[in-house]
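A.B. asks: predicted coordinates and the sequence they were generated for:
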Protein chains: 2
Amino acid sequence: MTSVGEADNMWYLGIDGGGSKCRAVITNLEGEVLGVGTGGPANPLHGFQKSLDSILDATNQALTEAGLTTSHLNQLIAGVGLAGVNLPALYQQMNEWQHPFAKMYLTTDLDIANIGAHDGKEGAVIIVGTGSCGFVNSNQEKTILGGHGFPIGDKASGAWMGLEAIKYSLLALDGFAEKTELVKKVCDYYQVNNGLALSEQVAGRSSRQYARLASIIFDAADKGDIKANQIVNQGIEYICRMSEQLLKRNPKRLCMIGGLARFIIPRLPTQLAEKFVTPLAQPEIGAIHFAEQCWTADHKQSA
Amino acid sequence: MTSVGEADNMWYLGIDGGGSKCRAVITNLEGEVLGVGTGGPANPLHGFQKSLDSILDATNQALTEAGLTTSHLNQLIAGVGLAGVNLPALYQQMNEWQHPFAKMYLTTDLDIANIGAHDGKEGAVIIVGTGSCGFVNSNQEKTILGGHGFPIGDKASGAWMGLEAIKYSLLALDGFAEKTELVKKVCDYYQVNNGLALSEQVAGRSSRQYARLASIIFDAADKGDIKANQIVNQGIEYICRMSEQLLKRNPKRLCMIGGLARFIIPRLPTQLAEKFVTPLAQPEIGAIHFAEQCWTADHKQSA
């Protein structure tokens, strides 16, 4: 697909950069995986330089695993999908990065997740992990739903669930609400027994920290805790509405990905749950597809 | 009340340090105000060094207004009331500050607000501004209710109200909720017309920024907006519960202070609203009382 002269000794780099970590994969031009790597948080909204560092850390690991070195950075055709770059200002700032690659194609983490989940074809995804978001690419039109970040958006996400549980626990510990089993579990998790100590444990923490409470909340809900069920049901209702909105755009396929998918899908109405199919590949492989698609299009144009 | 030898050429400094700003007042040993000053944010939880800088900025302004200079810093008996130091670790860190004053007595911003509101006597206060909190000092026992900070606590506060309005607006702009008048007002305020632009405007902003929406929300509620009324009513319910809990401790007086007090008191059930009396002095004057009380007690001990 690539013009032979330019493509000699070149590789694809796929980057999936989210708020928690950054994954890199290097493939040859035939798409065979040669090396992978993992870096730190890579949402430029929460630190632009940190994002660049995480991308390069993950890339360097992948290079090493592929038997390559940093001297090959300028032979990488990079597809980079990042959280945060749905904000136009951040997209522009990141796109102006003096990157060390042969070429960098930038898009959102949602876009590459979607490309990966549907093996390069059109479709829709709901991502529910630390954050939450919906994305659909149908008839060449891309739409993002939700995904406005913590604490203003990302309903149904782990961070949202954790924040709701903490807010309720603080009210209960002050005597303003019932001290249900969930409150005891939250206190046990942080090894505290009063609101002051709890607030001290969680004040200023990242969305990832809040998201760690999600499995505790699902567990409490299963055991009949009223507040945990209320939180879970609010989340499920939101995911149902998001699914409806995505399905209205007639995507060819619909997937749910992210750490909470396995908790949420069984809780959806059966008729809706059945519409979700298995994602075909990881987002970082989606980033490879994206790099390949963009590179090929560039070469068609210049041919 | 002070021993004459030591108290020659000494003054009281009162500091009220909150998340938005820091107020300083200098009085002579008879309590006459000689100078005042204002500094930046002084909640050490959101920046320890910034807090120290704000305290010193405000103090230096007050010194100048009092006709004194920085050479008099070591002749000030400081009563310092700060947000955040209800957290034991922050209290300790702040108390270990190598301050330039003759003596520093440290307590919470709540304590000095309460002392000020009741002219040095016991009582209770509810503070509702950017944040929210309850405090009662009755029978020599001090209790704090709420005040766990943004976004985990501070229900009914301006920041909490603003966050609720933003969360709802983002849902509505994504088609997940009704686009009420409140949503239009929030969009007008930020001069945006979609969720992406709105999230870009508010992402990572301070609690103060969110709190600026409070008057818009009260206004929309007055005009019958369903969502604005829901937010306001949830806040009012919380303040009612907090009032009940404070009144259970039999405080001699009960005051409500902070920027939202004038919106909230008229919305309380009349029987409850009537229990609130007018605060007698500002928190920074409470800090002066506090300094005086502590200094006097120290001298009684050493006598």
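C.D. replies: Thanks, I have the structure now. Numbers count the residues shown, from 1 in each chain, chains lettered A, B, ... in the order given.
A.B. asks: point me to the residue of the stretch 1-150 of chain A nearest chain B.
C.D. replies: At 3.9 Å from chain B, A:His148 is the closest residue in the stretch 1-150 of chain A, using CB to the nearest CB. Yep, even glycine has a C-beta here, placed from its N, CA and C like the rest.
A.B. asks: the closest residue to that residue other than its chain neighbours: which element?
C.D. replies: Spatial nearest neighbour of A:His148, excluding adjacent residues (CB to CB, 6 or more residues apart in numbering or on different chains): B:Ser199 at 3.9 Å. Per DSSP states H and E: B:Ser199 is located in helix B:195-202.
A.B. asks: what parts of the stretch 151-300 of chain A come near chain B?
C.D. replies: Within the stretch 151-300 of chain A, the residues that sit near chain B (CB under 8 Å from any CB of the partner chain) are A:151-153, A:155, A:163, A:166-167, A:170-171, A:174-176, A:195-196, A:198-200, A:202-204, A:238, A:241-242, A:245.
A.B. asks: in the helix holding B:Ser199, what counts as buried?
C.D. replies: By 16 or more other CB atoms under 10 Å in any protein chain shown, the buried positions in helix B:195-202 come out as B:195-196, B:198-202.
A.B. asks: show me where pLDDT drops low in chain A?
C.D. replies: Within chain A, the segments meeting pLDDT under 70 span A:1-8, A:301-303.
A.B. asks: hang on, the earlier thing: show me the contact partners of the helix holding B:Ser199.
C.D. replies: With contacts defined as CB atoms under 8 Å, 6 or more residues apart in numbering or on different chains, helix B:195-202 is touched by A:86-89, A:144, A:148-149, A:152-153, B:166, B:169-170, B:173-174, B:186-187, B:190, B:192, B:209-210.
A.B. asks: following element in sequence after that helix, please.
C.D. replies: Downstream of helix B:195-202, the next assigned helix or strand under DSSP H and E is helix B:207-211.
A.B. asks: using CSV, list the CA coordinates for that next one.
C.D. replies: In CSV, the C-alpha atoms belonging to helix B:207-211 read as follows (Å, rounded to 0.1, in the frame of the first residue of the first chain):
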residue,chain,number,x,y,z
SER,B,207,-14.4,25.9,43.1
ARG,B,208,-14.6,29.7,42.9
GLN,B,209,-15.3,29.6,39.2
TYR,B,210,-18.1,27.2,39.7
ALA,B,211,-19.5,29.3,42.6
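A.B. asks: sorry, back to before: ChimeraX command to pick out the buried ones of the contacts of helix B:195-202?
C.D. replies: Buried members of these, defined by 16+ other CB under 10 Å, are picked up in ChimeraX with:
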select /A:86,87,144,148,149,152,153 /B:166,169,170,173,174,186,187,192,210
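A.B. asks: and chain A, what are its domain boundaries?
C.D. replies: As assigned by automatic domain parsing, chain A contains the domains A:4-119+A:280-302, A:158-273.
A.B. asks: could those go into CSV alongside distance to B:Ile265?
C.D. replies: Output for the domains of chain A, formatted as CSV (distance: least, CB to CB, whole Å):
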stretch, distance to B:Ile265
domain A:4-119+A:280-302, 39
domain A:158-273, 20
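A.B. asks: B:Thr278: which of those is closest?
C.D. replies: Minimum separation from B:Thr278 across the domains of chain A (CB to CB) falls at domain A:158-273, 26.4 Å.
A.B. asks: is it true that A:Pro41 lies in a helix?
C.D. replies: No - counting by DSSP: H, G, I helix; E, B strand; the rest coil, A:Pro41 is located in no helix; its state is coil.
A.B. asks: now do the contacts for it.
C.D. replies: A:18-22, A:47, A:50-51, A:54.
A.B. asks: surely A:Leu272 and A:Cys240 touch.
C.D. replies: Yes - with contacts counted by CB atoms under 8 Å, A:Leu272 reaches A:Cys240, the gap being 6.3 Å.
A.B. asks: can you map out the helices along the stretch 51-200 of chain A?
C.D. replies: Along the stretch 51-200 of chain A, the segments classed as helices by DSSP state H, counting those that start in this stretch run A:88-95, A:109-117, A:158-173, A:181-190, A:195-202.
A.B. asks: tell me which other helices or strands the second one touches.
C.D. replies: Applying 3 or more CB pairs under 8 Å, 6 or more residues apart in numbering or on different chains; DSSP states H and E, one finds that helix A:109-117 makes contact with strand A:11-17, strand A:76-82, strand A:123-128, strand A:132-138, strand A:254-257, helix A:283-302.
A.B. asks: give me the buried stretch members for that helix, please.
C.D. replies: Buried positions in helix A:109-117, judged by neighbour count with 16+ other CB under 10 Å: A:109-117.
A.B. asks: now swap in stretch A:79-87 and tell me
C.D. replies: Using 16+ other CB under 10 Å as the test for burial, stretch A:79-87 gives A:79-87.
A.B. asks: so which of the domains of chain A is nearest B:Gly39?
C.D. replies: Between those, domain A:158-273 lies closest to B:Gly39; by CB to CB that is 21.8 Å.
A.B. asks: got the end-to-end distance for that closest one?
C.D. replies: End-to-end distance of domain A:158-273 (CA to CA, to the nearest Å): 20 Å.
A.B. asks: kindly report the same for stretch A:23-33.
C.D. replies: Terminal residues of stretch A:23-33 are spaced 13 Å apart (CA to CA).
A.B. asks: list the buried residues in it.
C.D. replies: The neighbour-count check on stretch A:23-33 (16+ other CB under 10 Å) flags A:23-27, A:29, A:33 as buried.
A.B. asks: could I get those residues as JSON lines with secondary structure and distance to chain B?
C.D. replies: Formatted as JSON lines, these follow (DSSP: H, G, I helix; E, B strand; the rest coil; distance: CB to the nearest CB, whole Å):
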{"residue": "A:Arg23", "secondary structure": "strand", "distance to chain B": "24"}
{"residue": "A:Ala24", "secondary structure": "strand", "distance to chain B": "26"}
{"residue": "A:Val25", "secondary structure": "strand", "distance to chain B": "29"}
{"residue": "A:Ile26", "secondary structure": "strand", "distance to chain B": "32"}
{"residue": "A:Thr27", "secondary structure": "strand", "distance to chain B": "32"}
{"residue": "A:Leu29", "secondary structure": "coil", "distance to chain B": "35"}
{"residue": "A:Val33", "secondary structure": "strand", "distance to chain B": "34"}
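A.B. asks: quick check on A:Gly84: phi, psi?
C.D. replies: Backbone geometry at A:Gly84, expressed as degrees, to the nearest 10, gives phi 90, psi -30.
A.B. asks: disregarding residues adjacent in the polypeptide, which is nearest to it?
C.D. replies: In space, A:Gly84 is closest to A:Leu45, 3.9 Å off (CB to CB, 6+ apart).
A.B. asks: roughly how far is stretch A:238-247 from the heart of the chain?
C.D. replies: From the chain centre to the centre of stretch A:238-247 is a distance of 18 Å (CA atoms, centre = their mean, to the nearest Å).
A.B. asks: pull out the buried positions in it.
C.D. replies: Going by neighbour count (16+ other CB under 10 Å), the buried part of stretch A:238-247 is A:238-243, A:245-246.
A.B. asks: so what touches it?
C.D. replies: By CB under 8 Å, 6+ apart, the residues outside stretch A:238-247 that reach it are A:124, A:126, A:128, A:132, A:134, A:136, A:145-146, A:155-156, A:254, A:264, A:268-269, A:272, A:275, B:174-176.
A.B. asks: next, the most far-flung residue of chain A relative to its centre: phi, psi?
C.D. replies: No residue in chain A has its C-alpha farther from the mean C-alpha position than A:Gly175, which lies at 37.0 Å (CA atoms, centre = their mean). Main-chain dihedrals, A:Gly175, degrees, to the nearest 10: phi 90, psi 10.
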